[in-house]
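Enquirer: Next comes the sequence, and after it the predicted model I'd like to discuss.
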Amino acid sequence: MPDIKFLLRHPSHFIALGFGAGLSKKAPGSVGTLIGIPLYLLILPYSSFIQMIIALLFTVGGIFICGQTAQALKIKDPSTIVWDEISAFFLILIIAQPLLNILQIFELFVLFRIFDIWKPFPISFIDKHVSGGLGIMLDDYVAAFFTLILDFLIQWLIN
């Protein structure tokens, strides 16, 4: 289990462990996911194009930093690495942006956590067969995709 010393040892570790959120003793993935909300609020004033560029940087950078941190920990996909949850939820919020209110953010959070924890196919397949930083990030992005599809269907049925 990484500690504060590990967190501060390298910038990649600091980011991969969600600025410390991944050190949470209970539900580090959920705590990490919540970090996506203030990051999203910080970029809200920028254009959609800039927001998507930032999301792309979070994704590409995340592959590297998560892979580097997992390698340092010598664990395939440690639960303390939460950058994957942060960046995937951040992207969900950007894509769902025109519809967002506090209730929908909560709904998206719950749906994303369900898919990320439950890992239905193909998420479970990716989790088991894709390694390194790409594997750490990819299963969360597929969970984000399912979250957005289900949210779209829910919104369509409501309206």
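Expert: The structure has been received and is ready for your questions. Numbers count the residues shown, from 1 in each chain.

Enquirer: ok, the spatially closest residue to residue 117 that is not a sequence neighbour to residue 114 distance?
Expert: For residue 117, ignoring the flanking residues on the chain, the nearest one in space by CB to CB, 6 or more residues apart in numbering is residue 29 at 7.4 Å. For glycine as for every other residue, the C-beta is placed from the backbone atoms N, C-alpha and C. Per CB to CB, to the nearest Å, residue 29 is found 12 Å from residue 114.

Enquirer: same check, this time on residue 76
Expert: 22 Å.

Enquirer: Then residue 100?
Expert: 19 Å.

Enquirer: ok, now residue 88?
Expert: For residue 88 relative to residue 114 (CB to CB), the value is 13 Å.

Enquirer: and these two? which has more neighbours close in?
Expert: Neighbours were counted for residue 88 and for residue 114 using other CB atoms under 10 Å; residue 88 has more, 29 against 15.

Enquirer: low pLDDT regions in this protein?
Expert: Residue ranges of the chain with pLDDT under 70: 99.

Enquirer: quick one, helices of this structure?
Expert: Using DSSP state H, the helices of the chain run over 4-9, 11-16, 28-43, 48-73, 83-96, 102-118, 123-129, 132-158.

Enquirer: Now the third one: buried residues?
Expert: Residues 28-37, 39-40, 43 are the ones in helix 28-43 that count as buried (16 or more other CB atoms under 10 Å).

Enquirer: Pull the distance from that helix to the chain's centre.
Expert: 8 Å (CA atoms, centre = their mean, to the nearest Å).
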